[in-house]
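Asks: Structure for the following, please:
(chains A and B)
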Amino acid sequence: MSTTTTDTSPPREQFTGQVGFILSAIGSAVGLGNIWRFPGVAYENGGGAFLVPYVIALLTAGIPILFLDYALGHRFRGGPPTAFRRVKKWLETLGWFQVMICFVIAIYYAAIIGWALSFFVYSFTLKWGDDTAGFFTGDYLQLSDTANGGAWFTLDFVPAVLIPLLLVWVATIVVLVGGVAKGIEKANVIFLPLLVVAFAVLVVRAIFLDGATDGLNALFTPDWSALGDMNVWIAAYGQIFFSLSVAFGIMITYSSYRKRRANLTSPGLVVAFSNSGFEMLAGIGVFAALGFLAHEQGVAVGDLEGITGPILSFVTFPAVVSQMPAGPLFGALFFGSLAMAGFTSLISILQVVSAGFQEKFGLTRRQAVLWIGIVAAVLSVVGFSTTTGLIALDTIDNWSNNVGIVASAVLMCVFLVWLLRTSPELRYHLNAVSTFQVGRWWYVCVGVVVPAVLLYMLVSRIVDLAQNGYEGYDDTYLLYAGWGTLVVLVVGAVVLTLPRWRRSPDDFVAWPPYPPVTATTTTKGAAR
Amino acid sequence: MNGDAILLMVLSLAVVWGGLVVSILALRARSERADFPSGGEDDHREDDAITERDT
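Replies: Modelled structure (predicted):
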């Protein structure tokens, strides 16, 4: 292929093809939330009846906003700052806001993967003993006793947390330096099938345990009255939204690495249903295991505590593992799965940051990954490998997800659909390159349903946090670690918008042209 | 398991995994469009074969 152009910018990286893209997108979407969030949310919001709002949320919010991300990244060929700027210059700040969210999430998400690696090793000897809660917060995390005057922030590092965390960062940097095709895609091609097989083995084993049916009864017995409760619907939309990894730049970035003539919507449906399919598998596995635990302890499943989040994974599950036959193998499968699911998500989160910096500051991939990786690793170690790491993680996670990402999604929909009226162009783009055609219903979803539901979630969460604080944590601490996170996101977004672009992203003509031209006069050069 | 729970479990799996199977089959049947608007050629790929250079 001859290169006669005077453009010296390197060609954009690409996934090797559709399968590589789909596996990477599933690897990103399937994360810790699928394993530790979905089962508990479904159980607490109507059990089997939760299926109804869940599927409706998938079809009216999850898939439409996934398509919005795909269309943006693919049409405007860049990470969030580039893509948004090419829509409208001032929208670049929203792109950097998404990059900042990814950066903040990456620094604590890595810590959880580090914990999973530690517990993977501990599984072989069942090191947690009988008091799994005491082991997790005491022996392992050495959590500061804030209830009895312990410090809210320390620099007392915990080696057992710090060492696996460093390993996670080294692995992340190595994968990202490898690039989209040889790093990210290869990691997903290896880890995603491994994850599915390991988790499937785990689920099959779990459903044959004594008491497993009690757990499945608890999960699937429908409480139809829940459908009349608006909070159940909000929970369904929230679950779909957080689980699919949409609206904070990941899917924009990944779709920008697809070739221009590439199917978007049909692979998108595969990604969305795979994500929900994995959640369903996780629900069955987790509740079968919880049923077994309840059976062993002689209590009802409803009386068990710690059925979601880190406590489910690092306190309740070790208790299950300790009591079951071949526990070490079961534990290794569970924590190995957790680490793999988290890792394939972490690399996608950090790629958003890397892409943003490469494009704006003209950095090579290696420069961007090394700089960002090292800074993120240092912040990660300082913030989350100490005796106050769990408190910081819990707080920053709550604000960056429930406020940051939700605000990002609302702003994205309002600006693109209502203010700039870009949705017809984006729908045209999706339909011009894809085999599954997106109808006008999509406007209603991304213009009305998603922003309305998410705005309600956002406002009610902010009011709740302002009035009631969070988890009983110290108000001053929440001001700095919680609301401060929000300030960091906004200030970071503004500051990163200010410098000049090393190579202007504005000299760009989107392909295919919109409004569409009927004559075949578009040339190869016009596609730039 | 009670009847309701079994029914809802089967229904949940049928809807979600069924959706996955249908979406995979649809993608296999038509993995890419046959007709694209003109243009839209990509730059050469970093991991393509060695780039030929004009001399």
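Asks: For the closest residue to chain A within chain B, which residues are in contact?
Replies: Residue nearest to chain A within chain B: residue B:8 (2.9 Å; C-beta to the nearest C-beta). All C-beta atoms are positioned from the backbone trio N, CA, C, and that covers glycine. Going by C-beta atoms under 8 Å, 6 or more residues apart in numbering or on different chains, residue B:8 touches A:47, A:48, A:49, A:51, A:220, A:221, A:222.
Asks: ok, the first one - how many residues close by?
Replies: When counting by other C-beta atoms under 10 Å in any protein chain shown, one arrives at 22 neighbours for residue A:47.
Asks: Excluding chain neighbours, give the residue nearest to the residue of chain B closest to chain A in space.
Replies: Nearest non-adjacent residue to residue B:8, counting by C-beta to C-beta, 6 or more residues apart in numbering or on different chains: residue A:48, 2.9 Å away.
Asks: re the thing from before, for the contacts of residue B:8, which one is nearest chain B?
Replies: Of all those, residue A:48 has the smallest distance to chain B: 2.9 Å, by C-beta to the nearest C-beta.
Asks: Which of the contacts of residue B:8 ranks first by neighbour count?
Replies: Top of those by neighbour count (other C-beta under 10 Å): residue A:220, with 28 neighbours.
Asks: quick one, what contacts that residue?
Replies: Applying C-beta under 8 Å, 6+ apart, we find residue A:220 in contact with A:47, A:48, B:1, B:4, B:5, B:6, B:8, B:9, B:12.
Asks: could you show me where the helices are in the stretch 51-200 of chain A, in order?
Replies: A:51-57, A:63-76, A:80-87, A:92-123, A:132-134, A:159-177, A:179, A:186-207 (DSSP state H, counting those that start in this stretch).
Asks: follow-up on the earlier one: hang on, the residue nearest to residue B:8 packs against residue B:12?
Replies: Yes: at 7.0 Å, residue A:48 and residue B:12 qualify as touching, with contact defined as C-beta atoms under 8 Å.
Asks: can you list the helices of the stretch 51-200 of chain A in TSV and add mean pLDDT and distance to chain B?
Replies: Conversion of those to TSV gives the following (pLDDT from 0 to 100; distance: least, C-beta to the nearest C-beta, whole Å):
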stretch	mean pLDDT	distance to chain B
helix A:51-57	95	5
helix A:63-76	98	10
helix A:80-87	98	16
helix A:92-123	98	22
helix A:132-134	96	28
helix A:159-177	98	14
helix A:179	95	7
helix A:186-207	96	10
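Asks: since we're on the closest residue to residue A:404 other than its chain neighbours, how many residues are nearby?
Replies: Spatial nearest neighbour of residue A:404, chain neighbours left out: residue A:101 (4.8 Å); criterion: C-beta to C-beta, 6+ apart. Neighbours of residue A:101 under the rule other C-beta under 10 Å: 27.
Asks: Would you quantify the distance from residue A:101 to residue B:9?
Replies: 35 Å (C-beta to C-beta, to the nearest Å).
Asks: Equivalent analysis for residue A:457, please.
Replies: 28 Å.
Asks: before we move on, what about residue A:171?
Replies: 37 Å.
Asks: which SSE is the residue most central in space within chain B in?
Replies: Central residue of chain B (C-alpha atoms, centre = their mean): residue B:27, 5.2 Å from the mean position. Secondary structure assignment for residue B:27, by DSSP states H and E: helix B:3-29.
Asks: And that helix, what's buried?
Replies: Neighbour-count burial for helix B:3-29, counted by 16 or more other C-beta atoms under 10 Å in any protein chain shown, picks out B:4-6, B:8-9, B:11-12, B:15-17, B:19-20, B:23-24, B:27.
Asks: for the residue nearest to residue A:404, what are its contacts?
Replies: A:248, A:249, A:400, A:404, A:405, A:408, A:489 are the contacts of residue A:101 under C-beta under 8 Å, 6+ apart.
Asks: what's the answer for residue A:401, then?
Replies: Applying C-beta under 8 Å, 6+ apart, we find residue A:401 in contact with A:105, A:242.
Asks: And for residue A:154, the neighbour number?
Replies: Using other C-beta under 10 Å, residue A:154 has 13 neighbouring residues.
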